[in-house]
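1. Pasting a predicted model and its sequence here:
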Amino acid sequence: MKLTYLASCILFLLVACSSPQQIDFEQLEAELREKANAFAGDAGIHFKHIPTGREIAINADTLFPTASTIKVPLAVRIAELVDEGVLHYDSLHVYEDRLFYPGSDLVGAMREGETISLRKMVFLSLSFSDNTASLWMQELGGTGTMVNEAMARLGLEHTRVNSRTDGRQDDFRRYGWGQTTPREMSQLMEMIFRGEVINEARSEELYRLLSKTLWDETGIAPIPNTVNVASKQGSVRASKSETMVVNAPGGDYILTVITKNQEDRSTGSENEGFVLIRDVSRMIWEAVGE
């Protein structure tokens, strides 16, 4: 009898310790909204806890610049063409000086006539955020028009490439390279996570690439390095952004934070946009992730 009672107590303690923590979504939303409202500029947040389906949306349907997060749609378009057999990840492409985009890109440092595989190009675009590689991908994908059609096929109405894309000059002047909403960027990341972009195999390839970012000092910083995060970051002077899927012990979740019209135009890690993304990520991790 005593052994049975003792075993019951041990079982109760094991279950209690292994049960996910209770998440106060209302309190979390209030804190996130306060953080967004205090930001010197415009901030949008979209969060989804996948096991429960609960979402927090703050300016989540407002249009924002994508900055480099547009490279996720570019990679999706390339994956489409690979799946159709039009392109091949192992094919070699010859670099031309006309492709050069100013900056510290690895592809932009290539010499005319040198070759690079499409697989490496996509890797550098997503993981290193190489602009020259990304613009080359946009060209190989059939220009921004074809990327935008790919987004439309996925049901994303607002996620669009503007740069070097016919008919989108006004949008380019307002939003830059691309535009999206926090909700739509989260939706795209969730579709990749669930294997719903093209097919499961292509989605898995994209997910693995998105899990290898060099830029881990902002949204990823509060998350333990034992936890996988698939992410893409973006940064221009007046806008910072990050979208991520976190494979947390407390349940997988998706977070997208984007800013615009920032007063702080500094370039360091303490830029207010970067601080906001880092703070929001920390708040959600502490409430949900553990």
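-> On my side now, so go ahead.
2. what about the helices in the stretch 101-250 of the chain?
-> Ranges of helices in the stretch 101-250 of the chain, per DSSP state H, counting those that start in this stretch, are 118-123, 131-140, 143-153, 169-175, 182-193, 200-210.
3. and of those, who's closest to residue 27?
-> Across the helices of the stretch 101-250 of the chain, residue 27 has its closest neighbour in helix 182-193 (20.5 Å, Cβ to Cβ). Heads up, the C-betas are built off the backbone N, CA and C, glycines and all.
4. and that closest one, what's its mean pLDDT?
-> Helix 182-193 shows a mean pLDDT of 98.
5. Output that helix as CSV, restricted to C-alpha atoms.
-> C-alpha atoms of helix 182-193 as CSV (Å, rounded to 0.1, in the frame of the first residue of the first chain):
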residue,chain,number,x,y,z
PRO,A,182,3.8,40.7,-40.3
ARG,A,183,0.9,38.2,-40.5
GLU,A,184,1.8,37.2,-44.1
MET,A,185,5.5,36.7,-43.4
SER,A,186,4.5,34.5,-40.5
GLN,A,187,2.1,32.6,-42.7
LEU,A,188,4.9,32.0,-45.3
MET,A,189,7.2,30.7,-42.6
GLU,A,190,4.5,28.4,-41.2
MET,A,191,3.8,27.0,-44.6
ILE,A,192,7.5,26.2,-45.0
PHE,A,193,7.5,24.6,-41.5
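6. Including distance to residue 274, could the helices of the stretch 101-250 of the chain go into a markdown table?
-> A markdown table is the format used below for the helices of the stretch 101-250 of the chain (distance: least, Cβ to Cβ, whole Å):
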| stretch | distance to residue 274 |
| --- | --- |
| helix 118-123 | 24 |
| helix 131-140 | 19 |
| helix 143-153 | 27 |
| helix 169-175 | 20 |
| helix 182-193 | 16 |
| helix 200-210 | 19 |
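7. what's the spacing between stretch 252-269 and its chain's center?
-> Taking Cα atoms, centre = their mean, to the nearest Å, one finds stretch 252-269 lying 12 Å from the centre of the chain it belongs to.
8. bridging residues for the closest residue to residue 220 other than its chain neighbours?
-> Spatial nearest neighbour of residue 220, chain neighbours left out: residue 229 (5.2 Å); criterion: Cβ to Cβ, 6 or more residues apart in numbering. Partner residues in beta bridges with residue 229, using DSSP bridges, are residue 246.
9. Please report how far residue 31 lies from residue 283.
-> Distance of residue 31 to residue 283, computed by Cβ to Cβ, to the nearest Å: 6 Å.
10. Sorry, slip of the keys, the one I care about is residue 87.
-> Residue 87 is 41 Å from residue 283, by Cβ to Cβ.
11. Same check on residue 106?
-> Residue 106 is 35 Å from residue 283, by Cβ to Cβ.
12. more crowded one of those two?
-> Taking other Cβ atoms under 10 Å, residue 106 and residue 283 do not tie; residue 283 has more neighbours (16 against 13).
13. All set, thanks.
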